[in-house]
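Asker: Give me the fold of what follows.
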Amino acid sequence: MYGITHDERGEPKCFNYSNLGHISRNCSFSKSVLTCRECNETGHKAINCVYMESKYSSDESLSVTQVGENSEESNSYLKKAKLNNCHNVQALIDSGSSCCLLKISVAQKLKLKLEPAVNKIYGFGNQRMPALTSIGGIKADIEVDKG
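Answerer: Got it, this is the predicted structure:
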(Lines give C-alpha, C1' and ligand atoms only; values in the text may rest on other atoms or scores of the structure.)
Protein backbone atom coordinates (compact mmCIF):
# COMPACT_ATOMS: atom_id res chain seq x y z
CA MET A 1 0.00 0.00 0.00
CA TYR A 2 1.87 3.01 -1.31
CA GLY A 3 1.63 6.32 0.59
CA ILE A 4 -0.46 5.04 3.48
CA THR A 5 1.02 4.74 6.95
CA HIS A 6 -0.10 1.85 9.14
CA ASP A 7 0.43 0.96 12.77
CA GLU A 8 1.85 -2.38 13.90
CA ARG A 9 -1.61 -4.03 13.61
CA GLY A 10 -2.07 -2.84 10.03
CA GLU A 11 -4.61 -0.08 10.73
CA PRO A 12 -4.25 2.95 8.45
CA LYS A 13 -3.11 6.19 10.09
CA CYS A 14 -4.53 9.63 9.27
CA PHE A 15 -1.84 12.20 8.36
CA ASN A 16 -4.05 15.06 9.57
CA TYR A 17 -4.43 14.01 13.19
CA SER A 18 -2.41 10.78 13.51
CA ASN A 19 -5.63 8.95 14.34
CA LEU A 20 -5.91 5.28 13.43
CA GLY A 21 -8.65 3.64 11.37
CA HIS A 22 -8.81 5.99 8.38
CA ILE A 23 -6.59 7.89 5.94
CA SER A 24 -6.50 11.68 5.58
CA ARG A 25 -8.60 11.87 2.40
CA ASN A 26 -11.42 10.08 4.31
CA CYS A 27 -10.95 12.18 7.46
CA SER A 28 -14.20 13.51 8.91
CA PHE A 29 -12.44 16.36 10.72
CA SER A 30 -11.95 19.60 8.83
CA LYS A 31 -8.38 20.73 8.15
CA SER A 32 -9.34 24.12 9.57
CA VAL A 33 -9.52 22.42 12.98
CA LEU A 34 -5.79 21.65 12.75
CA THR A 35 -3.75 24.21 14.66
CA CYS A 36 0.01 24.38 14.42
CA ARG A 37 1.72 24.59 17.80
CA GLU A 38 4.67 26.54 16.29
CA CYS A 39 2.90 29.42 14.52
CA ASN A 40 -0.68 28.98 15.85
CA GLU A 41 -2.06 29.05 12.28
CA THR A 42 -4.79 26.61 11.26
CA GLY A 43 -4.71 24.05 8.47
CA HIS A 44 -1.39 22.34 9.16
CA LYS A 45 0.69 20.70 11.89
CA ALA A 46 4.10 21.75 13.21
CA ILE A 47 5.86 19.11 11.13
CA ASN A 48 4.61 20.87 7.95
CA CYS A 49 5.07 24.43 9.24
CA VAL A 50 6.63 26.89 6.78
CA TYR A 51 7.44 29.21 9.69
CA MET A 52 9.73 26.52 11.11
CA GLU A 53 11.57 26.15 7.78
CA SER A 54 12.20 29.88 7.53
CA LYS A 55 13.19 30.03 11.19
CA TYR A 56 16.12 27.68 10.58
CA SER A 57 17.13 28.78 7.07
CA SER A 58 17.34 32.53 7.51
CA ASP A 59 19.86 34.75 5.76
CA GLU A 60 21.47 35.44 9.11
CA SER A 61 25.07 34.42 9.29
CA LEU A 62 26.30 32.73 12.43
CA SER A 63 29.97 32.66 13.32
CA VAL A 64 32.11 30.72 15.74
CA THR A 65 33.79 32.94 18.30
CA GLN A 66 35.58 30.30 20.33
CA VAL A 67 36.73 26.76 19.76
CA GLY A 68 37.88 24.68 22.67
CA GLU A 69 38.81 21.17 23.56
CA ASN A 70 36.19 19.51 25.73
CA SER A 71 37.16 15.85 25.92
CA GLU A 72 39.94 13.35 25.61
CA GLU A 73 38.35 12.23 22.33
CA SER A 74 39.18 15.55 20.65
CA ASN A 75 41.71 13.86 18.34
CA SER A 76 39.19 11.28 17.12
CA TYR A 77 39.26 12.86 13.64
CA LEU A 78 43.06 12.80 13.45
CA LYS A 79 43.93 9.53 11.73
CA LYS A 80 46.90 7.74 10.25
CA ALA A 81 46.46 7.75 6.49
CA LYS A 82 48.35 6.38 3.53
CA LEU A 83 48.63 8.41 0.32
CA ASN A 84 48.99 6.57 -2.98
CA ASN A 85 49.70 3.34 -1.11
CA CYS A 86 53.17 4.50 0.00
CA HIS A 87 53.25 7.76 2.02
CA ASN A 88 52.16 7.59 5.68
CA VAL A 89 50.74 10.87 7.01
CA GLN A 90 48.62 12.16 9.88
CA ALA A 91 45.32 13.37 8.43
CA LEU A 92 42.37 15.32 9.75
CA ILE A 93 39.40 13.42 8.33
CA ASP A 94 36.11 15.16 7.54
CA SER A 95 33.95 12.67 5.67
CA GLY A 96 31.31 15.34 5.01
CA SER A 97 33.68 17.66 3.19
CA SER A 98 33.80 17.95 -0.58
CA CYS A 99 37.61 18.00 -0.56
CA CYS A 100 40.63 17.22 1.62
CA LEU A 101 43.27 19.83 2.41
CA LEU A 102 47.01 19.29 2.31
CA LYS A 103 49.78 21.74 3.17
CA ILE A 104 51.93 22.68 0.20
CA SER A 105 55.01 21.71 2.23
CA VAL A 106 53.67 18.16 2.64
CA ALA A 107 52.86 17.90 -1.07
CA GLN A 108 56.39 19.07 -1.91
CA LYS A 109 58.02 16.73 0.62
CA LEU A 110 56.11 13.76 -0.81
CA LYS A 111 56.86 14.92 -4.38
CA LEU A 112 53.17 14.99 -5.30
CA LYS A 113 52.32 16.65 -8.61
CA LEU A 114 50.42 19.87 -7.96
CA GLU A 115 47.98 20.86 -10.71
CA PRO A 116 47.25 24.61 -10.70
CA ALA A 117 43.62 25.21 -9.72
CA VAL A 118 41.91 28.03 -7.90
CA ASN A 119 38.99 26.76 -5.81
CA LYS A 120 37.08 28.72 -3.22
CA ILE A 121 36.95 26.85 0.08
CA TYR A 122 34.10 27.60 2.46
CA GLY A 123 33.85 26.75 6.13
CA PHE A 124 30.66 25.40 7.59
CA GLY A 125 27.38 27.23 7.69
CA ASN A 126 25.72 29.60 5.29
CA GLN A 127 28.81 31.60 4.31
CA ARG A 128 28.87 33.95 1.34
CA MET A 129 32.62 34.58 1.39
CA PRO A 130 35.18 31.78 1.09
CA ALA A 131 37.42 31.11 4.08
CA LEU A 132 40.35 30.13 1.83
CA THR A 133 41.32 29.89 -1.79
CA SER A 134 43.33 26.91 -2.99
CA ILE A 135 46.49 27.25 -5.04
CA GLY A 136 46.16 23.87 -6.69
CA GLY A 137 45.10 20.29 -6.37
CA ILE A 138 46.46 16.77 -6.46
CA LYS A 139 44.86 13.48 -7.32
CA ALA A 140 45.65 10.84 -4.72
CA ASP A 141 44.30 7.64 -3.25
CA ILE A 142 43.79 8.00 0.50
CA GLU A 143 43.56 4.97 2.76
CA VAL A 144 42.43 5.55 6.35
CA ASP A 145 42.32 3.19 9.35
CA LYS A 146 43.56 0.13 7.55
CA GLY A 147 45.64 -2.13 9.80
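
Asker: Run through the strands of this protein in chain order.
Answerer: Along the chain, counting by DSSP state E, strands occupy 5-6, 12-13, 78-83, 87-92, 115-116, 120-121, 132-133, 136-137, 142-144.

Asker: His22: which of those is closest?
Answerer: Smallest distance to His22 across these (CB to CB): 6.3 Å, for strand 12-13. All C-beta spots, glycine's among them, are computed from the backbone N, C-alpha and C.

Asker: Quick check: which helices or strands does that closest one pack against?
Answerer: Applying 3 or more CB pairs under 8 Å, 6 or more residues apart in numbering; DSSP states H and E, one finds that strand 12-13 contacts strand 5-6.

Asker: Give me the nearest residue to Tyr122, chain neighbours excluded.
Answerer: Spatial nearest neighbour of Tyr122, chain neighbours left out: Pro130 (5.4 Å); criterion: CB to CB, 6 or more residues apart in numbering.

Asker: who are the neighbours in contact with the one you found?
Answerer: Lys120, Ile121, Tyr122 (CB atoms under 8 Å, 6 or more residues apart in numbering).

Asker: Looking at those, spot the one nearest Asp145.
Answerer: Using CB to CB, the contacts of Pro130 come closest to Asp145 at Ile121, 24.8 Å.

Asker: What's opposite the closest one in the beta bridge?
Answerer: Leu132 (DSSP bridges).

Asker: ranges for the helices of the chain?
Answerer: Remark: helices assigned in the chain by DSSP state H are 50-56, 104-109.

Asker: Ranked by average pLDDT, which of these falls at the bottom?
Answerer: Lowest mean pLDDT within these: helix 50-56, a mean of 57.

Asker: shaky segments in the protein?
Answerer: Residue ranges of the chain with pLDDT under 70: 1-8, 15-18, 29-33, 48, 50-76, 125-126, 147.

Asker: out of the strands of the chain, nearest to Ile104?
Answerer: Nearest to Ile104, of all those, is strand 136-137, at 8.1 Å by CB to CB.

Asker: List the strands paired with the closest one, with their directions.
Answerer: Strand 136-137 has these strand partners (DSSP bridges): strand 115-116 (antiparallel).
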